[in-house]
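[1] Kindly generate the corresponding structure for this input.
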Amino acid sequence: MFEALTDKLNAVFGRLNSHGTITEKDLDDAMREVRLALLEADVNYKVVREFIARVRERALGTEVLKSLTPTQQIIGIVHEELVALLGNEPGHINRAPQPPTIIMLVGLQGSGKTTSCAKLALHLRKRGDKPLLVAADVYRPAAVEQLQALGRQLDIPVYSEGTDAPPTEICRHALAEARRIGATVMIVDTAGRLHIDEAMMAEVVALRDLLKPQEVLFVADAMAGQDAVRAAEEFHRAVGCTGLILTKMDGDARGGAVLSIRAVTGVGVKFVGTGEKADALQTFYPDRMAQRILGMGDIQTLIERAREEMGDQDVKELERRMKTAQFDLQDFLDQVAKVKRMGRLSDLVSMLPGIGRIKQQLQVSEMDEDFFKKTEAIIQSMTLEERRNPSLLMEGRSKASRKRRIARGSGTRVEDVNELLRQFEQAKMVMKQLANTRGRGFLGGLLR
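    Coordinates of the predicted model:
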């Protein structure tokens, strides 16, 4: 989502760094470019104006410009201000003194509200909760059936009375059911509309007054940009939202809603949806998001996802093979399969710090799903011996015929096979560097 903004900010700071010493005019020129980059990313103009003013004031109000590393200190200030803009504290659920904790999800139709109910229930169950889903959206066609289907798929109970009962009665009975089955969390899917209207708000307020929920989470579509910010404002004014869930964060939106929504509404983001799968909901960490926007990566989130897919023994063996340069094409194929279970490859790659430099080293323009699909096809067309010993494809009289056979089997060209082999040799060098930074890098984090 933030790739365009990240590239522009990195370019600004790269030019600033090339100056050596930095004058006040240099700072103003850089801040003007940062301002333009944020506006192009669809960040609210008032938020941009205040953000730039704070960064400039802090940079001029200290000895930053006279320091030996002025650019790094300015980047540090920008990072701190981004974290403050995004909310400082990671997302968390406020708990009831006695269970169940009641969470209402509100928002417009099409924002992913019903799906987010199920994702949140799964997210909380993984952390030890016993959730109950409540189908209180009796207006949208198939909303009740959708929630019931998601509940069956995830093995999470759903309380429903169809579409004829009033939502207040459904929720009153659902609360009794939650207490009866010992649910620790009750998540209520409320009705949405295509636009905000008085009847909709009156119903949501009535449900809030009845349930007295610990959380009222507004579900916003990150692709909607400033429209999502305005809708969040309206709901917060009427209902008093306690937090936000941003969906479709894996899309190609410019990201302005993420950077605007807390400053405009005063309500922080608690969770973000990063895909269509049921487990594609993550706790929102402002510091990690700020790091990703500035191209610093998000190693901690990557480590957490990798730990779920890879056991300690697998990681230790992988590190050993990488350190001793024994990492081969079969290892690479095995790791791609595991990485794909962690989420969208392009999203994961963006969590690596310095990914722009790595792409440049490997001469790959886009490390996305298509890149890995072609790579998999080529490797799977090799014999096991060739995967374990790629030198067979680089040396000897039979290398040309081997490559032609692999190209035919994978539906690619010999040039593609050669390109993969070259990139693999480059990747081995990068991986060996990562493996030898244990305690500091990605593998070090996995093994701590």
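
[2] Provide the backbone phi and psi angles at Ser111.
    Dihedral angles phi and psi of Ser111 (degrees, to the nearest 10) take the values phi -90, psi -10.

[3] And the strands in the stretch 1-150 of the chain, which stretches?
    With DSSP state E, counting those that start in this stretch as the criterion, the stretch 1-150 of the chain has strands at 101-106, 131-135.

[4] ok and the last one relative to strand 101-106, angle-wise?
    I take that to be strand 131-135. Relative orientation of strand 131-135 and strand 101-106, computed by axes from the mean of the first three to the mean of the last three CA atoms, to 10 degrees: 40 degrees.

[5] still on that earlier bit, out of the strands of the stretch 1-150 of the chain, which is the most enclosed?
    Highest mean neighbour count among those (mean count of other CB atoms under 10 Å): strand 131-135, with a mean of 27. Glycine gets a C-beta too; all of them are placed from N, C-alpha and C.

[6] Quickly run through the sheet partners of that one, with directions.
    Strand 131-135 pairs in its sheet with strand 158-159 (parallel), strand 185-189 (parallel), by DSSP bridges.

[7] so where's this structure uncertain?
    Applying pLDDT under 70 to the chain flags the ranges 1-2, 20, 68, 194-195, 250-255, 296-326, 336, 338-371, 430-448.

[8] Please identify the helix or strand for Gln282.
    strand 281-283 (DSSP states H and E).

[9] Quick check: nearest residue in space to Asp279, chain neighbours excluded?
    Leu122 (6.2 Å; CB to CB, 6 or more residues apart in numbering).

[10] OK, contacts around that neighbour?
    Leu122 is in contact with 154, 156, 278-279, 281, counting by CB atoms under 8 Å, 6 or more residues apart in numbering.

[11] got the contact list for the strand holding Gln282?
    By CB under 8 Å, 6+ apart, strand 281-283 touches 90-92, 116, 119-120, 122-123, 245, 270-274, 301.

[12] Now do stretch 44-54: everything it contacts.
    31, 34-35, 38-39, 81, 85, 226, 229, 256, 259-260, 263-264.

[13] of all those residues, which comes closest to Val417?
    Nearest to Val417 out of the contacts of stretch 44-54 is Gly256 (CB to CB; 42.2 Å).

[14] Burial check on the spatially closest residue to the closest one that is not a sequence neighbour, number of neighbours?
    Closest residue in space to Gly256, ignoring its immediate chain neighbours: Asp42 at 2.9 Å, by CB to CB, 6+ apart. Asp42 has 19 neighbouring residues, counting by other CB atoms under 10 Å.

[15] can I see the domain layout of this structure?
    Here the domain parsing of the chain from automatic domain parsing is 3-86, 101-293, 299-447.

[16] The second one: end-to-end distance?
    The first and final residues of domain 101-293 sit 34 Å from each other (CA to CA, to the nearest Å).

[17] I am finished for the moment; much appreciated.
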